[in-house]
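Colleague: sequence first, then the predicted structure, then my questions.
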Amino acid sequence: MRDLLALISLVCWFILMIWVYRNSPEWFFVPFFFVATFAYLRLLEPGKSS
């Protein structure tokens, strides 16, 4: 079940990044992609849940 949720989460992330890329200028997307990906990975870190 956790594998399925992780896969769905990654697919949604991929779709969101494509949507943002198609609807924003390149100067905005590149820093947004790095910051958002870093924040997303921090959110997924095990053991950090409250």
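Modeller: Perfect, I can see it now. Note that the coordinates shown come from a computational prediction; the quantities given were computed from them, not determined experimentally. Numbering: from 1, shown residues only.
Colleague: the helices in this protein, which residues?
Modeller: Applying DSSP state H to the chain gives helices spanning 2-22, 26-44.
Colleague: format these as JSON lines; extra columns: mean pLDDT.
Modeller: Shown next, in JSON lines, are the helices of the chain (pLDDT from 0 to 100):
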{"stretch": "helix 2-22", "mean pLDDT": "87"}
{"stretch": "helix 26-44", "mean pLDDT": "86"}
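Colleague: now the residue most central in space within the chain: closest residue in space, sequence neighbours ignored.
Modeller: Residue closest to the mean C-alpha point of the chain, counted by CA atoms, centre = their mean, is Trp13 at 4.3 Å. Closest residue to Trp13 apart from its sequence neighbours, by CB to CB, 6 or more residues apart in numbering: Tyr40 at 6.3 Å. Glycine gets a C-beta too; all of them are placed from N, C-alpha and C.
Colleague: distance of that neighbour relative to Leu5?
Modeller: 14 Å (CB to CB, to the nearest Å).
Colleague: check Val11 too.
Modeller: According to CB to CB, Val11 and Leu5 sit 11 Å apart.
Colleague: do the same with Trp27
Modeller: 34 Å.
Colleague: do the same with Asn23
Modeller: Note on Asn23: its distance to Leu5, by CB to CB, is 27 Å.
Colleague: now do Glu26
Modeller: According to CB to CB, Glu26 and Leu5 sit 32 Å apart.
Colleague: cool, and Cys12?
Modeller: 11 Å.
Colleague: before we move on, what about Ile18?
Modeller: 21 Å.
Colleague: same question, Pro31
Modeller: Taking CB to CB, one finds Pro31 at 28 Å from Leu5.
Colleague: go on, Phe38?
Modeller: As for Phe38, its distance to Leu5 is 21 Å (criterion: CB to CB).
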